[in-house]
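K.L.:
Structure, please.
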Amino acid sequence: MPRAAQVARSFRAQTRRRSGAGHSVYLILLHDPGFGGRWGLYVGQTTRDPDVRFDQHKAGYKSSGAVKRFGLRLLPELVEHLNPMKGWEALEIEADMADALRAAGSPWVEGGH
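P.N.:
Residues are numbered from 1 along each chain as shown. Sure, this is the predicted structure:
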C-alpha cells in the first residue's frame, strides 16, 4: 500500500475549499479473506460526509458490492488534502485516481466511475 498512498497524495484539487465546494473524494480499504486474502481500494466521490457514505455502502444503500462485502475502513489520511472540492473536479479526480492506482500496480481497484 505504500505506492498507493504515494499515488493518492500526488493529486491536487484546484477548487479545494472554494465557494461552492461541497464534494469529497474518498478511499476505502478492501480485504477479501476468501480470495487469497487480497487487499484493494475503492475510490468514490460524494456530496455527503465520507463517513456517512461509507456507512451507506455497508448498509447496502446505493452500495458498491465490493465495499458492502469487503470494505474495512476509510483511508481519510490519503485524500484529506483534496476535500472539499467542486463536483466536476471530484468526478475527474475519482476517475483519474482509480486509473493511476491501477497503473501503479494496485492489483484490485474498484470504483472510479
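
K.L.:
What helices and strands are in contact with the longest helix that the chain contains?
P.N.:
Across the chain, the longest stretch assigned as helix under DSSP state H is helix 87-103. Applying 3 or more Cβ pairs under 8 Å, 6 or more residues apart in numbering; DSSP states H and E, one finds that helix 87-103 contacts helix 2-9, strand 24-32, strand 38-46, strand 109-111. For glycine as for every other residue, the C-beta is placed from the backbone atoms N, C-alpha and C.

K.L.:
Next, the angle from it to strand 38-46.
P.N.:
With axes from the mean of the first three to the mean of the last three Cα atoms, to 10 degrees applied, the angle from helix 87-103 to strand 38-46 works out at 170 degrees.

K.L.:
export the helices and strands packed on helix 87-103 to TSV and tack on mean neighbour count?
P.N.:
As requested, the helices and strands packed on helix 87-103 are exported to TSV (neighbours: other Cβ atoms under 10 Å):
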stretch	mean neighbour count
helix 2-9	15
strand 24-32	22
strand 38-46	21
strand 109-111	21
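
K.L.:
of all the ones you listed, which lies closest to Lys58?
P.N.:
strand 24-32 (9.7 Å; Cβ to Cβ).

K.L.:
which residues make contact with that closest one from outside it?
P.N.:
8, 37-47, 49-50, 53-54, 57, 66-67, 69-76, 78-79, 82-85, 90, 93-94, 97, 108, 110 (Cβ atoms under 8 Å, 6 or more residues apart in numbering).

K.L.:
repeat that with 7 Å
P.N.:
8, 38-46, 50, 53-54, 66-67, 70-75, 78-79, 82-84, 90, 93-94, 97, 108, 110 (Cβ atoms under 7 Å, 6 or more residues apart in numbering).
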